[in-house]
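Participant: Predicted model and sequence follow; I will ask about them next.
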Amino acid sequence: MRQVIIYPGEDGYWVAECPSLPGCISQGKTKEEAISNIREAIDGYIAALEDDHLAIPPERFEAVLVAI
């Protein structure tokens, strides 16, 4: 299980990224598409690490909501 951040991008698409996997970012026209795309990106990222016999980073991301 990985935590993902989604937010609106400047181009009208939704951006999704997985902070515990550096550089693992995707996007979609809708939130649902962005989530589907980041799932595929995470699977591919982890598969590439496994193929190269590299360690898979643990999930260490912690979200905190700060009210201002």
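Facilitator: Arrived safely, thanks for sending.
Participant: switch to C-alpha atoms for all contacts and neighbour counts from now on
Facilitator: Fine.
Participant: which non-adjacent residue is nearest Tyr13?
Facilitator: Lys29 (4.7 Å; CA to CA, 6 or more residues apart in numbering).
Participant: can I assume that neighbour is in contact with Glu10?
Facilitator: No: the pair Lys29 and Glu10 does not pass the contact test of CA atoms under 8 Å, sitting 12.0 Å apart.
Participant: ok, those two, which is more surrounded?
Facilitator: Lys29 (14 against 8; other CA atoms under 10 Å).
Participant: who touches that one in this structure?
Facilitator: Neighbouring residues of Lys29 by CA atoms under 8 Å, 6 or more residues apart in numbering: Gly12, Tyr13, Trp14.
Participant: Quick one: buried ones out of the residues you listed?
Facilitator: Tyr13, Trp14 (16 or more other CA atoms under 10 Å).
Participant: Output the contacts of Lys29 as a markdown table; include the columns secondary structure and distance to Ile5.
Facilitator: Formatted as a markdown table, the contacts of Lys29 follow (DSSP: H, G, I helix; E, B strand; the rest coil; distance: CA to CA, whole Å):
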| residue | secondary structure | distance to Ile5 |
| --- | --- | --- |
| Gly12 | coil | 16 |
| Tyr13 | coil | 14 |
| Trp14 | strand | 10 |
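Participant: Mind putting the contacts of Lys29 into JSON lines with distance to Ser36?
Facilitator: Shown next, in JSON lines, are these (distance: CA to CA, whole Å):
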{"residue": "Gly12", "distance to Ser36": "17"}
{"residue": "Tyr13", "distance to Ser36": "14"}
{"residue": "Trp14", "distance to Ser36": "11"}
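Participant: If we only consider the contacts of Lys29, which is nearest to Cys24?
Facilitator: The shortest approach to Cys24 among the contacts of Lys29 belongs to Trp14, at 14.4 Å (CA to CA).
Participant: Show the contacting residues for that closest one.
Facilitator: Residues in contact with Trp14 (CA under 8 Å, 6+ apart) are Ile6, Tyr7, Pro8, Gln27, Gly28, Lys29, Thr30, Lys31, Ala34.
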